[in-house]
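Visitor: Coordinates for the following, if possible.
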Amino acid sequence: MVTVEDRSKRVLESRLKIESPFELDETLCLYSPQDNVEALKHPRISEWLDYIQNDYEPELTEAEHRILLFMPCTKTKPYPFSSEHIAINQRLLDEGFRPLHRTYLPQELQARLDPQFSPEVLNLSPLADGRGTVVHRMVISEPMAVVPYEHIVTFAGKPSPAVAYDDPGLFENRGNAVSPWRADSTATRTSAMRWKWGDEERRHYVVMHNEMARILANVVARIGRHYTDVISWVAPGLTHRSFVLARSERAAHNVATSRMVEAKRLELVGANDHLPAEHHIECLPRPDHCKHAIKRLSRRLRIDIPKATAIYARGGSNATPLALPELLDVLVKRLVGDYVSERRKAHDGTTAENRG
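Guide: Modelled structure (predicted):
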């Protein structure tokens, strides 16, 4: 029998993921798909979802190209203090991007930052490269769908839930994304440390997945007109990528289109299914980028491909592969390289027409 005390042990683990001076809200510890769906009605989450869909407006800066860059949420809160975001943000700084405003995480966190990194990695404002491009960072996160960097700590004069939650509950492959103390749990234990999802876990996963995708699409549909490009930098194989992709894109990214529940297939709907093709969120890195990055990693470390693949799987900076230099090259090229998207061309054409 699994008791409430088992949840208490997990809460202790969750507390370690929240960096001081922030504190965990124990009611926002979401360990299963059922917890996630239930959280949609949590006062702090429902208020956030209403705000981000209906009231949030980005603070815009004049720029030739504005890029909306979605980044993944992390187990460490606040996100910019995670090893993954630090690696990504430091690379952008190294490429000449600079924050537009003096908006930082608390000084206590700055004091604990490894001195090899610039204090600017903890700046929450948009980044400009001085060549006409501004990058506005947001985070794809369950249960909040979208978290603009500038509202990681506060929003609408209130503390943001983005620095107070823990949600490993949609990551089935970890083997512990379950809440066996719940009455509606159908998970079965397969070993001392691992569990297998049952029908209710799979059913609630689909509900939560599709709701996160719908809200993500709502946000992009409402504010996307301000940007020449909308890009997601999300790890292959993880739920965040599935939130983004349309059904027609999934095969190319090796992402499932449905989940089997009680002998029925329930469709997984991504944000791009809700958006017109010309406003799709571009999903990077692509599978071909990942294969090429493994080859380059092999050459850099002078190891064979199997060993490089193992290192790649563990990720860079103790994070996902998104933090590896070989993949960050892809992101940088997309943001500042000579590649020009069809959307950017269309945007420039529209701007010329308006001027005329």
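
Visitor: where do the helices sit along the stretch 51-200 of the chain?
Guide: Along the stretch 51-200 of the chain, counting by DSSP state H, counting those that start in this stretch, helices occupy 83-94, 107-112, 199-223.

Visitor: Would you reformat the ones you listed as JSON lines and include mean neighbour count, mean pLDDT and distance to Asp184?
Guide: From N, CA and C alone the C-beta is placed, and that goes for glycine too. Output for the helices of the stretch 51-200 of the chain, formatted as JSON lines (neighbours: other Cβ atoms under 10 Å; pLDDT from 0 to 100; distance: least, Cβ to Cβ, whole Å):
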{"stretch": "helix 83-94", "mean neighbour count": "21", "mean pLDDT": "96", "distance to Asp184": "33"}
{"stretch": "helix 107-112", "mean neighbour count": "12", "mean pLDDT": "95", "distance to Asp184": "38"}
{"stretch": "helix 199-223", "mean neighbour count": "21", "mean pLDDT": "98", "distance to Asp184": "5"}
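
Visitor: Which of those helices sits closest to Arg137?
Guide: Arg137 sits nearest to helix 83-94 of all the helices of the stretch 51-200 of the chain, at 8.2 Å, using Cβ to Cβ.

Visitor: Tell me the helices and strands packed up against the closest one.
Guide: Judged by 3 or more Cβ pairs under 8 Å, 6 or more residues apart in numbering; DSSP states H and E, the packing partners of helix 83-94 are strand 65-72, helix 325-336.

Visitor: Tell me which of the ones you listed sits most buried.
Guide: Most buried of the helices and strands packed on helix 83-94 by mean neighbour count (mean count of other Cβ atoms under 10 Å) is strand 65-72; its value is a mean of 24.

Visitor: could you redo the helices of the stretch 51-200 of the chain as JSON lines and give each row distance to Pro180?
Guide: Formatted as JSON lines, those follow (distance: least, Cβ to Cβ, whole Å):
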{"stretch": "helix 83-94", "distance to Pro180": "29"}
{"stretch": "helix 107-112", "distance to Pro180": "35"}
{"stretch": "helix 199-223", "distance to Pro180": "10"}
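
Visitor: Tell me which of those helices lies nearest to Leu328.
Guide: Counting by Cβ to Cβ, Leu328 lies closest to helix 83-94 out of the helices of the stretch 51-200 of the chain; the figure is 4.6 Å.
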